[in-house]
Each structure stands twice: as structure tokens, then as C-alpha cells.
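**Student:** Need the 3D shape of this:
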Amino acid sequence: MTNSVQLREVTDADLPIFFEHQRDPDANQMAAFPPRDPEAFTAHWARIMGNAAIVLRTIVCDGQVAGNIVCFEESGKQEVGYWLGKEYWGQGIATQALSAFLELIHQRPLYAFVAGHNPGSRRVLEKCGFALCGEEEEGFLLKLDTDERSEML
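**Tutor:** As a prediction, this is how the structure comes out:
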């Protein structure tokens with residue numbers, strides 16, 4: 001089965017869905033990132049939605065909000081990150097979304113961090129051309145040097 005995956009601008013109506021996604025204990029464990037309480041979540045999203053330097057999109061699958069994807073600067077490096085609701089895991093949606101997102105982001109290199117216990121996310125990044133460039137205690141740093149992505153999609 002092929003899912004229809006699109007990216008669009010984030011709207012305020014997406015935020016309650018994103019909030020619920022980031023509260024899922026399994027997702028928190030896979031991302032190695034704790035959930036935010038409502039106030040911290042609202043402040044975080046207000047900050048990133050108000051920052052023109054951050055590229056942010058909603059991932060829509062078959063007409064439903066499936067998650068979000070973002071490119072931001074961290075410690076002088078451009079990084080990408082994504083979060084999908086658990087019901088969308090393992091269907092190729094993250095790979096499709098990241099591939100489409102990389103068409104919007106022309107700056108290279110790009111980096112991404114993945115928790116060591118999240119091989120699915122690492123595989124998504126590798127399918128989109130990212131390669132391992134470092135290991136940290138919590139996981140791996142991957143890098144996309146050029147726009148030559150894998151044909152394995």
C-alpha cells in the first residue's frame with residue numbers, strides 16, 4: 001500500500017495533534033526526548049513558528065495530520081528533525097516526508113541526531129542520503145553533504 005504524503009505549512013489547528021503525538025510514551029522513548037507540558041509545548045511552538053529562520057512543515061498522510069518536520073540551527077549546524085504519530089510508524093511515511101522536505105532545504109551540509117535505540121529513524125535518514133558522521137553517548141549524528149540522495153526510496 002502506498003500512502004499519499006504531502007507537506008504543508010503548519011497551522012494552529014495542527015498543534016493539538018502534535019501535542020498528543022509528543023505525549024506518547026513509546027514515541028518519547030524512541031526519540032529519547034521527554035514530553036512537554038501544555039505550557040512548555042505552547043511556548044516552544046510559538047517560538048519556532050515565529051522564527052523565520054526555521055523551516056517547519058506539517059506531514060499529511062492520506063488527508064490526516066501525521067506529524068511534523070523541521071530544519072533549524074543548533075550549535076552552528078543546520079539540523080533536521082521529524083516526529084510522526086505512532087500510528088504512522090513503519091509505513092514509509094517518514095522517508096517520503098523527509099525526501100520531500102529535502103527538496104525545500106538547499107543548504108548543505110545538513111545534520112540529524114538519532115537515538116541509538118531507534119534504528120528505524122536511522123534507516124529513514126540513510127535512505128535519504130544521510131551518512132553516519134559521529135557517535136554520542138545517546139545516539140548517532142548523521143550528515144547529508146550533497147543533494148545526491150539514495151535511489152532506494
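**Student:** The most centrally placed residue in the chain pairs with what?
**Tutor:** Centroid-nearest residue in the chain: residue 82, 1.1 Å away (criterion: CA atoms, centre = their mean). Residue 82 has these beta-bridge partners by DSSP bridges: residue 69.
**Student:** Now do it against residue 39, distance only.
**Tutor:** Note on residue 82: its distance to residue 39, by CB to CB, to the nearest Å, is 24 Å. C-betas here are computed from N, CA, C, even on glycine.
**Student:** Kindly report the same for residue 73.
**Tutor:** Distance, residue 73 to residue 39, by CB to CB: 25 Å.
**Student:** Same check on residue 107?
**Tutor:** Residue 107 sits 32 Å away from residue 39, going by CB to CB.
**Student:** With residue 48 instead?
**Tutor:** Going from residue 48 to residue 39 by CB to CB gives 15 Å.
**Student:** Also residue 66?
**Tutor:** Separation of residue 66 from residue 39 (CB to CB): 25 Å.
**Student:** Looking at the two, which is more packed in?
**Tutor:** Neighbours of residue 66 and residue 39, each counted by other CB atoms under 10 Å, are more numerous for residue 66; the result is 26 against 8.
**Student:** Nice, that's everything, thank you.
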